[in-house]
Structure formats: structure tokens, C-alpha cells
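Undergrad: here's my sequence, what's the structure:
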Amino acid sequence: MCRIFVIACICFCVFPIGSLRGQEGAPGVNFQPPNWPTLTSAIADADRLDPGWRHADLVAKLPKPNPDEDAAVEVEAIYQALRASWSIPDLKTHPTPQKPSEIRTIEDLWLNYGAIDGSISPPPELLKAAREFESKFASMIVRARELERFKVGRSPTVYNVNLYVSMLPAVQNSREVRHLLSTDSFCRAILGDVDGALQSARAMLAISRAIGDELSLISQVARIACVSDAVHRMMFAVDRGGASALALEQTQAALTQEKKTPYLLIGARAERAALFDTLQKIGEGKIDRKFVLKTDGDDADKRKPSSKPDPVVKYDLGFGLAHMNTAVEIAKKPTWLQAKDWVAWDLHIETNSPKSAIISPALSCSLFPAIPAIRRNVCRVGSVSASCETILGYKRFRMKHGHWPTKPEELATVFPEGVPIDPFSGQPMICRIGPKTLVVYSVSLDEQDNGGNLENYHFEETGTDIGFRFSRDVKN
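TA: Numbers count the residues shown, from 1 in each chain. Next comes the predicted model:
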């Protein structure tokens, strides 16, 4: 997976890409537009607000676990073992990435049956496919489930001189291990091993930790994808019934710990460092600007630098760094306090970058990541995670006391760090206890309580909430 591919997908461009040089040939001309931040002031702000913000500094801060304690090393080893086993369609006939056929068979059987939750009895052919999957991949599943014990990881990324074309194979490869654990969790749940299904889901969180604080926003997007998949597998398993109190407690604790990861802040810092490093190298003649957003042709490692320094890029760099400084400061805030700031961030870029300027900031604008959109997805995943965490706590209390918790002192016994918070509102997750169901949800993007009208994927639709509905009739 290449960073630049993701930039093409998730980055926005305020202005069309064009020449930044304008009239740079005229000697003695000051090209600094009056309303742009200077590079000197932008660097000073970054040093003051967020010391150690450059790419080399961020790399130095990354964890350095021992190989036998590094989740990334173990995930890569499992992936290499899987490569010879997956039945993956030929990419020549299937150019779009395909899941292994064993997984697609299981998923198709379930979807064709029309099941949408864990309380429905699976058909015999699906049970047969699940047993065959568990048998075929038994040895690798055992190893993958042990990932649960790994607490930290460091992806072995080799950074290109042009950071935007650095490859992230470890992030890509971790997806296959996630597929293995996700399918294992599903199969165990329908075969009756609910505790085992929860363990596999917790191991999926370790894949998120294996990616760790990798210095790119797409890596953090991959992390939250792991969390989202794991949470839905957890809820599917819990819906089947029969989970032990210990398994519920361990799963709740794993979610409580994972939600402390500042995905958006990690990604914003990484993208700021990449933008500064890349534009600085363009100015020094170490990178040719025409290769920054280009991935076809020769290998990125073999691309020749520009034939001469590009002094005018410093004005673009001052503009870009200043706005990324603002992005990092916004990302430091709780998610529920960020929404209006991101709207203002977008607007400020547009209104303070006149197309009529002698120098257009096209390059920095094309490198600005779509952080506001990713923030919404971070909140979505945080909402489903908080919903699952809340349901697990409520279920643990009910198993012990025979009724749902309603008083603050009762909630404190299963939520020692407090009732999970809605990432959209900053308030405790909404809980509705009905005659047959417990519904826990977030108010979602419209920040309105829509009565538990749940929509976890198309969550940008107004009038919807994000969360889960749990049956009170499911046996403990």
C-alpha cells in the first residue's frame, strides 16, 4: 500500500494544481502574499506548540519493542504463513483485491441466508463451511489468537526520500491476518464457542496495535478499521449468548484500553511532518515537484532529484505548515469539540489562498489530508466501540445481580473509569432499556437523539444514531 494512493483517494484539492513559480524569474521581487503566514513564523509556532514535530523526531519517538514482544513482527510472520494457504483469485482476472475464497464462501452463505444478527440459527451448510475453515487453518488460527498478549508494535517501514511514495507493506499484510481472525471469530460464534470468538476479536485489536503509531494517516485509518471489525465480531458473539463473565470482562477491558489511542492526532502529526519534509526537499532540489503526486513510471527510489533548488516553494511551505499546525491543535481536542473547528479550517484555507496570488499554494493544498472526513469515521468507530463496551458492562452486571444497572453506584461497579462517552456529543452513551431489548447508542453526526434509529455504516444520513441493540431474552 502506498501513501500516495491514499492521498489520491482521501485528499482534497482547494485549487487546481499548476505552477507555483509565477514570476520567480524576476530578481528582487517579494513573492510573499500579505495574508500568508511566513515560513519562519510557522516553524516557530510548531516548535512552541508541539516540540519534536519533524519527521525525524517522530520516528525517534516510535516504540522499539523487542522482536519477541513486537506485535508487528508476529503479524508479519503469520501473514507469510498464510500466503501459501489462502485461495486468492488470480489478480490478472480479478484486478480488484479479493478475499480468500474460503472466507467469501462463508460470508456469502450467511448473507444469502439473510441473517443480520447473532441470534438467528445458522443453516447446516454454513456450519459445515465453518468447521472446514477451522480445520484447514487450525495451526495458523492458534498462533493468530495469541496476538492478544502483544501490547505494542512497530511497523518496519522504509521511508523514501519522498515520504509520499513510501510503501506500507506491513499495513497491507496485516489486513489478511485480520481476515483470518475475523472469520475465525464468526465461525466460533456460530459453532457455540462464544468465549473463543471473543478472544479472536480481542486479538484483532492487537493487529491495530501492530500497526501502532506508523507515520501516516492511512495507517491510522487501517487501525480504526481493525477496531470496527473487531467490535462487530464481539457484538455478534455476545448476541449468540453463553459468554462467561471473565470473557466479557476481558473484552470490555480491551475496548477501554484501545479507545485511549489518539488516532487522529497521530495521523495529523504524521501528515504535517510529511508535508514539511517533502516541500523542504523540493526547495533544496532533492525532490522534483512533478514526482510528488506521481506513482507510475520508474520505481520511486530511482527517481532523480530536481536539477536545481526551488526557492519559491518556501512560501507554499509557510502556508502549508501553518495550516497543518492548526490541524494538529484541533486534533488534540476531544472529538466532540472538533466539528466546528474543522469547518473553519476548511474555510480558512479556501478564503486565505486567493487564486489570483502571484504564487498559488497548489502543492501544499493538494497534500492537505481530508482530516475532517476521517474525524467523522473515527467518531463512528468510537461510537460502536463505546456502545459495545457499555453493553458488555451492563451484561456483566446483569449476570451477577439479575437485573440491569440503573443507579450511578451500580454503574460504577462495572465502569470504574466512568460510563463510556459518546464521541459526537461528549455525553455518556444513551441507554434505553425496553421490554425485550437494551439499546445503547450515540447521537451520531446530527447530534440529535433519534430514539435509537440505528445506522452504523451510512451514518451521515440525518435522523439516525450509531450503536447496538441487544436482546434481553438471550441467555447469559
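Undergrad: only C-alpha atoms from now on, for both contacts and neighbour counts.
TA: Will do.
Undergrad: need the contact partners of the helix or strand encompassing Thr40.
TA: Thr40 belongs to helix 39-49 when assigned by DSSP states H and E. Applying Cα atoms under 8 Å, 6 or more residues apart in numbering, the contact partners of helix 39-49 are Trp53, Lys314, Tyr315, Leu317, Gly318, Phe319, Leu321, Ala322, Asn325.
Undergrad: is it true that the first one touches Ala273?
TA: Read that as Trp53. Yes: the pair Trp53 / Ala273 is scored as a contact, 6.5 Å apart, by Cα atoms under 8 Å.
Undergrad: more crowded one of the two?
TA: Ala273 (24 against 19; other Cα atoms under 10 Å).
Undergrad: in stretch 149-169, what's buried?
TA: Residues of stretch 149-169 classed as buried by neighbour count (16 or more other Cα atoms under 10 Å): 150-155, 161-168.
Undergrad: could you do stretch 129-136 as well?
TA: Buried-residue list, stretch 129-136, by 16+ other Cα under 10 Å: Ala129, Ala130, Phe133, Glu134.
Undergrad: which stretch of helix or strand covers the residue nearest to the third one when sequence neighbours are not counted?
TA: To tie it back to what came earlier, the one meant is Phe133. Nearest non-adjacent residue to Phe133, counting by Cα to Cα, 6 or more residues apart in numbering: Glu102, 6.9 Å away. Counting by DSSP H and E, the element that carries Glu102 is helix 101-113.
Undergrad: also Phe397?
TA: helix 371-401.
Undergrad: give me the distance from that helix to the chain's centre.
TA: The chain centroid and the centroid of helix 371-401 are separated by 15 Å under Cα atoms, centre = their mean, to the nearest Å.
Undergrad: do the same with stretch 208-221
TA: From the chain centre to the centre of stretch 208-221 is a distance of 7 Å (Cα atoms, centre = their mean).
Undergrad: may I have the distance across that stretch, first residue to last?
TA: 10 Å (Cα to Cα, to the nearest Å).
Undergrad: low-confidence stretches in this protein?
TA: Along the chain, the parts satisfying pLDDT under 70 run over 1-36, 87-99, 111-120, 291-308, 310-312, 352-363, 472-476.
Undergrad: now the helix holding Thr40: buried residues?
TA: Leu39, Ala42, Ile43, Asp45, Ala46.
Undergrad: the first one and Gly318: what is the separation?
TA: Looking back up the chat, that one is Leu39. Following Cα to Cα, the distance that separates Leu39 from Gly318 is 4 Å.
Undergrad: then the second one?
TA: Distance check for Ala42 against Gly318: by Cα to Cα, it reads 6 Å.
Undergrad: check Ala327 too.
TA: The value you get for Ala327 to Gly318, if Cα to Cα is used, is 14 Å.
Undergrad: can you pull out the helices in the stretch 51-200 of the chain?
TA: Along the stretch 51-200 of the chain, the stretches classed as helices by DSSP state H, counting those that start in this stretch are 55-61, 71-83, 101-113, 124-136, 138-145, 169-190, 194-211.
Undergrad: which of those helices is buried the deepest?
TA: helix 194-211 (a mean of 28; mean count of other Cα atoms under 10 Å).
Undergrad: next helix or strand past that one?
TA: Assigned by DSSP H and E, the successor of helix 194-211 is helix 217-240.
Undergrad: just how off-centre is that next one within its chain?
TA: 10 Å.
Undergrad: going forward, begin numbering at 7 instead of 1
TA: Taking 7 as the first residue, the last one we looked at is helix 223-246.
Undergrad: now it against helix 377-407, angle please.
TA: 30 degrees (axes from the mean of the first three to the mean of the last three Cα atoms, to 10 degrees).
Undergrad: and the next element down the chain from helix 223-246?
TA: In N-to-C order, the element after helix 223-246 by DSSP H and E is helix 251-264.
Undergrad: run a quick neighbour tally on Pro414.
TA: 11.
Undergrad: returning to what we had before: let me know the closest of the buried residues of stretch 155-175 to Gln263.
TA: Nearest to Gln263 out of the buried residues of stretch 155-175 is Lys157 (Cα to Cα; 10.4 Å).
Undergrad: hang on, that closest one packs against Arg215?
TA: Yes: contact status for Lys157 versus Arg215: in contact at 6.7 Å, counting by Cα under 8 Å.
Undergrad: what is in contact with those two at once?
TA: Ala77.
Undergrad: okay, the buried residues of stretch 155-175 in JSON lines with distance to Lys413 next?
TA: Formatted as JSON lines, the buried residues of stretch 155-175 follow (distance: Cα to Cα, whole Å):
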{"residue": "Phe156", "distance to Lys413": "36"}
{"residue": "Lys157", "distance to Lys413": "34"}
{"residue": "Val158", "distance to Lys413": "37"}
{"residue": "Gly159", "distance to Lys413": "40"}
{"residue": "Arg160", "distance to Lys413": "43"}
{"residue": "Ser161", "distance to Lys413": "44"}
{"residue": "Val167", "distance to Lys413": "58"}
{"residue": "Asn168", "distance to Lys413": "56"}
{"residue": "Leu169", "distance to Lys413": "52"}
{"residue": "Tyr170", "distance to Lys413": "52"}
{"residue": "Val171", "distance to Lys413": "54"}
{"residue": "Ser172", "distance to Lys413": "52"}
{"residue": "Met173", "distance to Lys413": "51"}
{"residue": "Leu174", "distance to Lys413": "48"}
